[in-house]
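Mind looking at a prediction? Sequence and model below.
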Amino acid sequence: DIQVTQSPSSLLASLGERVTITCQTSQSISNNLNWYQQKPGQAPMLLIYYATSLQTGMPSRFSGQYSGRSFTLTITSLEPEDIANYFCLQHYSAPRTFGGGTKLELK
Amino acid sequence: EVQLVESGGSLVQPGGSLKLSCVASGFTFSNYWMDWVRQTPGKSLEWIGEINTDGSKTNYAPSIKDRFTISRDNAKSTLYLQMSNVKSDDTAIYYCTRTGGDYWGQGVMVTVSS
């Protein structure tokens, strides 16, 4: 099974700050990784698919990059509505596996 | 608009059974593999399994250990999750998703407790 290690598990940031979250996979998965945002009481919402593609309707301050087995989600300038939990998902092979999540809070 | 609407969640006793449903609309259901995913009270997400377009092939997470069965009825655009011999660790919100994770339902709560 492919393990996905997400860091940090929690993050305090200020409005306007650049935020970076990372997922590291135990095997190469090419670009088969998605990023999700989840707010309390809601289902996860797709942010980035295939590692770098911004989902339609999501703000352009969100971006994804990857190099080898390391994947990053970046928020260029934190807005109040970005306070949420963030998850990554590898969909390269079954069993699909999720990162442990990052809780993003305001400093 | 793509919609996935789960139902069937409830309180169930340990060792009991439950069947969840997910009705799909806004896309050609029979063209897509579908998944079930769950989220524990601690917020961890776990992939349960997937089913191919005609229902002839399924894959499951090792942790499920033959207790859950995924099926589908393409004529009704409905995905199912049959849960058997449930345990307290199965307490979670259950989501149906299109394989690849682009669309998710709103989730349904299953609580396993005596």
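Cool, got the structure.

Go ahead and flag the most central residue of the chain.
Answering for chain A, as no chain was given. residue A:35 (3.8 Å; CA atoms, centre = their mean).

think we crossed wires, I meant chain B
Most central in chain B (CA atoms, centre = their mean) works out to residue B:36, at 3.6 Å.

shouldn't that residue be in contact with residue B:46?
No. Checked against CB atoms under 8 Å, the pair residue B:36 and residue B:46 is beyond contact range at 9.7 Å. No exception for glycine: its C-beta is placed from N, CA and C like everyone else's.

who touches residue 4 in this structure?
Let's take chain A. Counting by CB atoms under 8 Å, 6 or more residues apart in numbering or on different chains, residue A:4 touches A:23, A:24, A:25, A:26, A:88, A:89, A:90, A:97, A:98, A:99, A:100.

Please refer instead to chain B.
Contacts for residue B:4 (CB under 8 Å, 6+ apart) come out as B:22, B:23, B:24, B:96, B:97, B:98, B:103, B:104, B:105, B:106.

Those residues in strands, which ones?
Counting by DSSP state E, the part of the contacts of residue B:4 found in strands is B:22, B:23, B:24, B:96, B:97, B:98.

Return the per-residue confidence for the last one.
In other words, residue B:98. Note for residue B:98: predicted pLDDT of 95.

Tell me if I'm right that it and residue B:31 touch.
No. Judged on CB under 8 Å, residue B:98 makes no contact with residue B:31 at a distance of 10.0 Å.

which of these two has more neighbours?
Set residue B:98 next to residue B:31 and count neighbours by other CB atoms under 10 Å in any protein chain shown: residue B:98 wins out with 21 against 9.

For the more buried one, give the beta-bridge partners.
residue B:34 (DSSP bridges).

Across the sheet, point out what pairs with residue A:73.
With DSSP bridges as the rule, residue A:73 is bridged to residue A:21, residue A:64.

who are the neighbours in contact with it?
Listed by CB under 8 Å, 6+ apart, the contact set of residue A:73 reads A:20, A:21, A:22, A:23, A:35, A:47, A:48, A:62, A:63, A:64, A:86, A:88.

For residue B:59, see how far away it is.
Using CB to CB, to the nearest Å, residue A:73 is found at 27 Å from residue B:59.

on that earlier part again, buried subset of the contacts of residue A:73?
Listed as buried from those are A:21, A:22, A:23, A:35, A:47, A:48, A:62, A:63, A:64, A:86, A:88; burial here means 16 or more other CB atoms under 10 Å in any protein chain shown.

what's around residue A:68, how many residues?
Per other CB under 10 Å, the neighbour tally for residue A:68 reads 9.

Could you check how far it is from residue A:34?
18 Å.

before we move on, what about residue B:21?
25 Å.

more neighbours, the two?
Between residue B:21 and residue A:34, counting by other CB under 10 Å, residue A:34 is the more crowded of the two (26 against 17).

need the residues of chain A near chain B, please.
Neighbours of chain B within chain A, by CB under 8 Å from any CB of the partner chain: A:1, A:34, A:36, A:42-46, A:49, A:55, A:85, A:87, A:89, A:91, A:94-98, A:100-101.
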